[in-house]
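1. Fold the following and give me the result.
(one chain, ligands or ions: 2)
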Amino acid sequence: MKILTAPSLFASDLLEIGSQVRRAQDSGADILHFDIMDGVYVPNISIGFDILKAVRGCTNLPIDAHMMTVCPEKYFERLAEYGADIVTIHNDIADTEKIRVMLTDIRSYGMMSAIALKPAVDAEAVLPFLDLVDMILVMTVEPGFSGQAFMDMSDKIREIKKHIGSEPISIAVDGGIKPNTAALCAAAGANVFVAGSGAFGAPSMQAALEDIRIAAQGAYIG
Ligand code: DX5
Ligand code: ZN
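-> Numbering: from 1, shown residues only. Ligands and ions are numbered 1, 2, ... in the order given. Just a heads-up that it's a prediction; the model follows:
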């Protein structure tokens, strides 16, 4: 799978959101990661739908809406209308059958679908969804905040990679991603690197993304 970088807009200077989006684009980002929180699934509230619409208006980058919310299905239609390309939902917000319906719905709107796992969730949790996802997001921090310390999920990533086999499903990591942690995750099988403070907090985002890409490329197991 291709190595991709995904700056997480939530970690940017939100007063300057338009120029931050352009900065990510000009720095060679592959995906724009857009965190949506509801204050229920996670103890924080972030950026929402009207910001998404505005952001869509100023970039052609694919946008991944990371839904840290309890009822994401309420918003799929709006996410599609406002220009999300990928919708990522967490596996523990509903039972397996309901999650399967949600992933199917996301695709029926023409968007790509992804399932996210909190640090405490086992790799096996992805098994019922492998026919319905384009990406699996392994959280390497507890969701809710940028700038937290990286948690090593290499064993889980390795197991997920085994479960995926030869299916064209990306493994993304989110939380505390910098070149060294990206390499660790890539060595286990991750190929999409979400970086909040590691991208927007760097003096040169272009150099930061390039460093993550090179570190990941060198370590990636393919
Ligand atoms: C946290 C979010 C992340 C966050 C990453 O819940 O899902 O996308 O912005 O920020 P860093 O890279 O600073 O940990
Ligand atoms: Zn995120």
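2. okay, now the closest residue to ligand 2 within the chain: neighbour count?
-> With CB to the ion as the measure, H66 is the residue of the chain nearest to ligand 2, at 3.8 Å. Using the backbone N, CA and C atoms, a C-beta is placed for each residue, glycine as well. Neighbour count of H66, defined by other CB atoms under 10 Å: 28.
3. what do you get for the one 5 residues further on?
-> As a burial measure, the neighbour count of C71 was computed by other CB under 10 Å and equals 14.
4. list the contacts for the residue nearest to it when sequence neighbours are not counted?
-> The shortest distance from C71 to any non-neighbouring residue, by CB to CB, 6 or more residues apart in numbering, is to I93 (7.5 Å). Residues near I93 by CB atoms under 8 Å, 6 or more residues apart in numbering: Y41, T69, V70, C71, P72, I99.
5. Return a ChimeraX selection command for the buried portion of those residues.
-> Only the buried entries of these go into this ChimeraX selection, using 16 or more other CB atoms under 10 Å:
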select :41,69,72,99
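6. what would the contacts of I93 look like in JSON lines with distance to A199, secondary structure and pLDDT?
-> Formatted as JSON lines, the contacts of I93 follow (distance: CB to CB, whole Å; DSSP: H, G, I helix; E, B strand; the rest coil; pLDDT from 0 to 100):
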{"residue": "Y41", "distance to A199": "24", "secondary structure": "coil", "pLDDT": "98"}
{"residue": "T69", "distance to A199": "23", "secondary structure": "coil", "pLDDT": "98"}
{"residue": "V70", "distance to A199": "28", "secondary structure": "coil", "pLDDT": "98"}
{"residue": "C71", "distance to A199": "29", "secondary structure": "coil", "pLDDT": "98"}
{"residue": "P72", "distance to A199": "24", "secondary structure": "helix", "pLDDT": "98"}
{"residue": "I99", "distance to A199": "29", "secondary structure": "helix", "pLDDT": "98"}
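7. and the chain, which of its residues are near ligand 2?
-> Residues of the chain lying close to ligand 2 (CB under 5 Å from the ion) are D35, H66, D174.
8. Of these, which fall within the contact range of ligand 1?
-> With the criterion set as CB under 6 Å from any ligand atom, the members of the residues of the chain next to ligand 2 near ligand 1 are D35, H66, D174.
9. Tell me where this structure has strands.
-> Assigned by DSSP state E, the strands in the chain fall at 4-7, 32-37, 63-68, 86-90, 112-117, 135-139, 170-174, 192-195.
10. Kindly compare burial across these and name the winner.
-> Of all these, strand 192-195 has the most neighbours on average by mean count of other CB atoms under 10 Å, namely a mean of 30.
11. Show me what that strand is in contact with.
-> So strand 192-195 is contacted by 3-8, 31, 33, 66, 135, 137, 170-175, 177-178, 182, 185-186, 208-209, 212-213, 216 (CB under 8 Å, 6+ apart).
12. Does it reach ligand 1?
-> Yes - under the criterion of CB under 6 Å from any ligand atom, strand 192-195 makes contact with ligand 1 via V194, A195.
13. Sheet partners, orientation included, of that strand?
-> The pairing partners recorded for strand 192-195 under DSSP bridges are strand 4-7 (parallel), strand 170-174 (parallel).
14. ok now the longest helix anywhere in the chain, how far from the chain's centre?
-> Longest helix in the chain by number of residues (criterion: DSSP state H): helix 205-219. Distance of helix 205-219 from the chain centroid (CA atoms, centre = their mean, to the nearest Å) equals 17 Å.
15. backbone phi and psi for T69, please?
-> When read as degrees, to the nearest 10, the backbone of T69 gives phi -140, psi 160.
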